[in-house]
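**Student:** Model the structure of this input:
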Amino acid sequence: MGAPALAYGDAPLSAFELDFYDEGERRREPLGRAWDTRFEAGDPVRTFNWAKDTESFAGWYYSVTAGGHVGYESWLERDRLILMDRDPEIIGIASQPFWLHWREGKRLRRHAPDYFVRLADGRGRVVDVRAGDRMDEATAELFAGTRVACRAVGWEFSHVGVPDPVLMGQCPVAVALSQEPVRPPHRCRRAAAGHLRGAD
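**Tutor:** The predicted structure follows:
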């Protein structure tokens, strides 16, 4: 697994591009120009899969930190979202915040991280959620490229897996949701479908 090739210049700030929503407008900018965008306030760049009988379990979680609903695509993402919402170091959360584009040799790569969080000291943190037994070489390469981009602008990159069940058992919200799965209200599904149709 090689390091991402610097396709657009001699530094990651120009080698990577971000594709994101900013105040409802779709933008694509070099990392060095867009890194200070408030991604924690933006809309998701990917649609959530609401279809039945799929491996994913998409839904909306009301985040006190975000002051609104934040999407998730699996039980694991939901659990991690609950924990982030209780973390006093985190003051903002958004899911599927942007597409990160770069070139690796002759290959064009892109990755949409699971979450972007804003820390109390102003720094950003990109969070990818994937259980250890679900990691493969392709995913590891995407995470490696994302880590390079994050390091270039002073963001943290965090790959997290299955949380400690004892820790989750001590979280009242997690216990309640595990007993009665929560799907997004119809109005949220309609709004998401209307806003995100064709966003990919």
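
**Student:** Helices of this structure, residue ranges please.
**Tutor:** 12-15, 31-34, 75-85, 137-153, 165-169, 172-179, 186-196 (DSSP state H).

**Student:** mean pLDDT for the ones you listed: which is lowest?
**Tutor:** Sorting the helices of the chain by mean pLDDT places helix 186-196 lowest, at a mean of 40.

**Student:** Might you report the residue contacts of Met84?
**Tutor:** Contacts of Met84 were listed using C-beta atoms under 8 Å, 6 or more residues apart in numbering, and they are 65, 90, 93, 115, 117, 127. Using the backbone N, CA and C atoms, a C-beta is placed for each residue, glycine as well.

**Student:** try it again with 7 Å
**Tutor:** Shown in contact with Met84 (C-beta atoms under 7 Å, 6 or more residues apart in numbering): 90, 93, 117.

**Student:** ok, so of those, who is nearest Glu77?
**Tutor:** Ile93 (11.6 Å; C-beta to C-beta).

**Student:** Pretty sure the closest one sits against Gly71.
**Tutor:** No: in this structure Ile93 lies outside contact range of Gly71 using C-beta atoms under 7 Å: 10.5 Å.

**Student:** got the CA positions of stretch 12-19 in CSV?
**Tutor:** Coordinates of each C-alpha in stretch 12-19 appear next as CSV, following Å, rounded to 0.1, in the frame of the first residue of the first chain:
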residue,chain,number,x,y,z
PRO,A,12,-1.4,17.3,0.4
LEU,A,13,-3.2,20.6,0.7
SER,A,14,-3.5,20.6,-3.1
ALA,A,15,-3.4,16.8,-3.7
PHE,A,16,-6.7,16.3,-2.0
GLU,A,17,-10.1,17.8,-2.8
LEU,A,18,-13.3,18.1,-0.7
ASP,A,19,-16.8,17.8,-2.2
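
**Student:** chain center to stretch 59-66, what's the gap?
**Tutor:** The chain centroid and the centroid of stretch 59-66 are separated by 14 Å, computed with C-alpha atoms, centre = their mean, to the nearest Å.
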